[in-house]
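# Got a sequence here, can you build the structure:
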Amino acid sequence: MLFSDGSEIWGTATITEVEDGKIWFTPIRTADGLSFDLPIDPQTRGFPYITEEMVE
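A predicted model of the protein is given here:
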């Protein structure tokens, strides 16, 4: 799971359990130094991926 302020990713955590309306995850770690490649064929369901147009 990635955490963002809308302009940059500032934290990451691993989802450990999901229940109706709830998500549990490991403690949030800083995302300093991490980089992510945009998927070639992003999924159309669930949370949207950040597109190149959204990145300045």
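
# Describe which strands the least confident helix or strand in the chain by mean pLDDT pairs with in its sheet and in which direction.
Of all the helices and strands that make up the chain, strand 2-4 has the lowest average by mean pLDDT, DSSP states H and E, namely a mean of 85. Sheet pairing for strand 2-4, assigned by DSSP bridges, gives strand 9-12 (antiparallel).

# ok, the next helix or strand after the partner strand: who's next to it in the sheet?
Note on strand 9-12: by DSSP states H and E, the next helix or strand toward the C-terminus is strand 15-19. Strands adjacent to strand 15-19 in the sheet, as given by DSSP bridges, are strand 22-25 (antiparallel).

# for the partner strand, which positions count as buried?
When neighbours are counted by 16 or more other CB atoms under 10 Å, no buried residue of strand 22-25 is found. For glycine as for every other residue, the C-beta is placed from the backbone atoms N, C-alpha and C.

# which residues does the closest residue to Thr16 other than its chain neighbours form a beta bridge with?
Spatial nearest neighbour of Thr16, excluding adjacent residues (CB to CB, 6 or more residues apart in numbering): Trp24 at 5.1 Å. According to DSSP bridges, the partner residues bridging Trp24 are Glu17.

# can you pull the pLDDT of Trp24?
Trp24 is assigned a pLDDT of 93 by the prediction.

# Flag the shaky bits of this protein, pLDDT-wise.
Applying pLDDT under 70 to the chain flags residues 38, 42, 47-56.

# Please tell me how far the residue nearest to Thr16 sits from Thr44.
From Trp24 across to Thr44, the span is 26 Å (CB to CB, to the nearest Å).

# What of Trp10?
Here Trp10 is placed at a distance of 26 Å from Thr44 (CB to CB).

# Nice, that's everything, thank you.
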